[in-house]
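1. heads up, no residue letters with this:
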Ligand SMILES: Nc1ncnc2c1ncn2[C@@H]1O[C@H](COP(=O)(O)OP(=O)(O)OP(=O)(O)O)[C@@H](O)[C@H]1O
């Protein structure tokens with residue numbers, strides 16, 4: 001059995017701001033996408049085994065954070081399924097911490113949410129604070145923290161809650177190098193215990209150091225998945241070629257790719273609209289309910 005299986009997963013963000021479109025969506029239970037469904041991830045499938053460390057790479061907006069939120073069970077896929085054998089924990093700069101609470105309160109809240117008992121939280125509290133290096137700041141509301149401080153707290157909590165699958169999304173990009181190295185050492189301990197890690201980073205060097213596999217996302221789809229050396233090597237070549245283009249060529253390329261991604265979204269949207277029997281069925285059902293309630297009122 002695979003540790004993680006991602007099966008035909010898509011994540012749609014609704015870019016509709018139009019009230020009429022939202023109403024139509026509501027009354028047809030989302031079966032009619034009136035205007036702008038946007039596929040942040042489109043029909044992706046892959047599997048990961050115990051002990052694998054997978055680097056997730058890709059240009060800005062390619063869907064890395066969307067995927068890590070799905071793996072961390074912070075959001076749900078629009079379609080498809082994700083099966084995780086065990087419990088996952090997401091560490092991202094903005095994930096799951098409550099701004100109004102202090103660092104201390106956040107530790108308690110997140111640990112309890114991860115299934116630790118009050119006693120376990122008390123036992124691990126000092127280690128978490130020590131790892132985060134926050135000292136007395138732990139008693140301050142985290143809205144006063146810098147992004148580096150938040151990331152340190154998020155990392156410290158997550159690694160002390162014994163997750164089976166650890167997802168680290170850009171959390172190391174905001175801290176100083178000493179702290180990043182400490183986190184990398186901790187992730188290596190996780191690897192030795194045979195745990196599974198997903199590591200989102202813009203640093204090819206960090207990914208090569210940490211991961212045996214890499215997943216290259218490109219405008220919401222998987223461009224390549226396999227051994228790190230090959231995938232990251234090809235990605236670095238791609239980035240180099242991209243950077244050699246003029247600024248205006250880079251912009252044109254990005255626009256074309258985004259347009260292509262949106263066209264695919266629209267194609268799927270049309271497929272949905274072109275299956276009218278489903279929509280007619282829903283509308284008929286609504287009409288019947290309406291007539292029935294009218295009839296009941298009269299009688
Ligand atoms: N809540 C949201 N509502 C609408 N669109 C969103 C939302 N979250 C992400 N997106 C869009 O989905 C796409 C993928 O975003 P995502 O943050 O997953 O990319 P990324 O690869 O992590 O980017 P980066 O490297 O810049 O962090 C982007 O085009 C983004 O604008």
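-> Happy to help now that I have it. Here the structure is a predicted model, which is why all the values come from computation and not from measurement.

2. I'd say residue 59 and residue 216 touch.
-> No: here residue 59 lies out of contact with residue 216, judged by Cβ atoms under 8 Å, at a distance of 9.7 Å. In this view, the C-beta of every residue, glycine as well, is placed from N, C-alpha and C.

3. Compare the two and say which is more crowded by neighbours.
-> Using other Cβ atoms under 10 Å, the more surrounded residue of residue 59 and residue 216 is residue 216, with 21 against 18.

4. Which of the three states applies to that one?
-> strand (DSSP: H, G, I helix; E, B strand; the rest coil).

5. If it is in a bridge, with which residues?
-> For residue 216, the beta-bridge partners under DSSP bridges are residue 57, residue 224.

6. Now do residue 137, the pLDDT please.
-> Looking at residue 137, its pLDDT reads 95.

7. hang on, I meant residue 268
-> 60.

8. Please name the nearest non-neighbouring residue to residue 40.
-> Of all residues not flanking residue 40 in the chain, residue 66 sits nearest, at 4.4 Å (Cβ to Cβ, 6 or more residues apart in numbering).

9. which SS class is that neighbour?
-> helix.

10. Contact partners for residue 153?
-> If you count contacts by Cβ atoms under 8 Å, 6 or more residues apart in numbering, residue 153 has them with 97, 103, 106-107, 132, 134, 142, 145.

11. and if we set it to 10 Å?
-> Taking Cβ atoms under 10 Å, 6 or more residues apart in numbering, we find residue 153 in contact with 91, 97, 103, 106-107, 110, 128-129, 131-134, 137-138, 142, 145.

12. Quick one: check stretch 74-94 for contact with the ligand.
-> No: under the criterion of Cβ under 6 Å from any ligand atom, the ligand is not reached by stretch 74-94; the shortest gap measures 8.6 Å.
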